[in-house]
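*Asks:* Requesting a structural model of the entry that follows:
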Amino acid sequence: MTTPAYKRVLLKLSGEALMGDDAYGINRATIERMVADVAEISKLGVELAIVIGGGNIFRGVAPGAQGMDRATADYMGMLATVMNSLALADAMRQAGLTARVMSAIGIEQVVEPYVRPKALQYLEEGKIVVFAAGTGNPFFTTDTAAALRGSEIGAQIVLKATKVDGVYTADPKKDPSATRYASISFDEAIAKHLQVMDATAFALCRDQKLPIKVFSIVKPGALKSVVMGDDEGTLVHV
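*Replies:* A predicted model of the protein is given here:
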């Protein structure tokens, strides 16, 4: 099978994924490996947009955020995602890929604002679009931003990159008998209280009939396998 299963996808990366084995911050080797994975699927002609979290940077300042107003803390988190997006786009540039960062909050001197027709144009031109600053609103996670942007750009699937290779019947670290679901419906996942994404993001994907694929970003070649439609990770479907 040489043709990808999807033409346009939205990849959700957690900020934590960029830390590698570090306590916080951006691990250079890790970001380069991720970019290599992204380059591989970009060469297949898959149109790719990325939403990235900010936990790796925000974790370093989190102790100082205790007792802070939730909205203020969320805005700090959004700025952390902008830093991650710039780092990711620059690593892509060095790897010979063309990436554009679009921010949900206006920081015109640093990144261009998110404008949907422009984002669609970039994707059609084969550029990789990195959506920064979440939804631009406090109280909404970057998972929700992934569901929202995925819906807006007409992505066929949201690829949620995590540290585990799918959704399991139980925590595989605690329960050795836990098995991975190859696929599961939204309703089943809700009934079984499986934490795929936060509730808002999950509901948005379900309403828009936008499937979610949970897979491991740590596993080499997993992203390509997912895009090729192989049995990798867990597919959450309507």
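
*Asks:* Show me the shaky parts of the protein.
*Replies:* Along the chain, the parts satisfying pLDDT under 70 run over 1.

*Asks:* Would you state the strands of it in chain order?
*Replies:* Along the chain, counting by DSSP state E, strands occupy 8-13, 47-52, 99-103, 112-113, 128-132, 157-162, 183-185, 212-216, 234-237.

*Asks:* so what does the first one touch, helix or strand wise?
*Replies:* If I follow you right, that is strand 8-13. Applying 3 or more Cβ pairs under 8 Å, 6 or more residues apart in numbering; DSSP states H and E, we find strand 8-13 packed against helix 28-43, strand 47-52, helix 142-152, strand 157-162. Every residue, glycine included, has its C-beta placed from N, CA and C.

*Asks:* Could you provide those in TSV, with additional columns for mean neighbour count and distance to Gln208?
*Replies:* Shown next, in TSV, are these (neighbours: other Cβ atoms under 10 Å; distance: least, Cβ to Cβ, whole Å):
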stretch	mean neighbour count	distance to Gln208
helix 28-43	17	23
strand 47-52	27	15
helix 142-152	25	5
strand 157-162	24	10
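
*Asks:* Distance to Met78 added to those, as TSV?
*Replies:* As requested, those are exported to TSV (distance: least, Cβ to Cβ, whole Å):
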stretch	distance to Met78
helix 28-43	20
strand 47-52	11
helix 142-152	9
strand 157-162	19
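
*Asks:* which one of those lies closest to Cys205?
*Replies:* Proximity to Cys205 (Cβ to Cβ) singles out helix 142-152 among the helices and strands packed on strand 8-13, at 4.9 Å.

*Asks:* what's that closest one packed up against?
*Replies:* Against helix 142-152 (3+ Cβ pairs under 8 Å, 6+ apart) you get strand 8-13, strand 47-52, strand 157-162, helix 199-207.

*Asks:* Now tabulate the ones you listed in a markdown table and tack on distance to Ala133.
*Replies:* Converted to a markdown table, the helices and strands packed on helix 142-152 look like this (distance: least, Cβ to Cβ, whole Å):
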| stretch | distance to Ala133 |
| --- | --- |
| strand 8-13 | 14 |
| strand 47-52 | 10 |
| strand 157-162 | 18 |
| helix 199-207 | 16 |
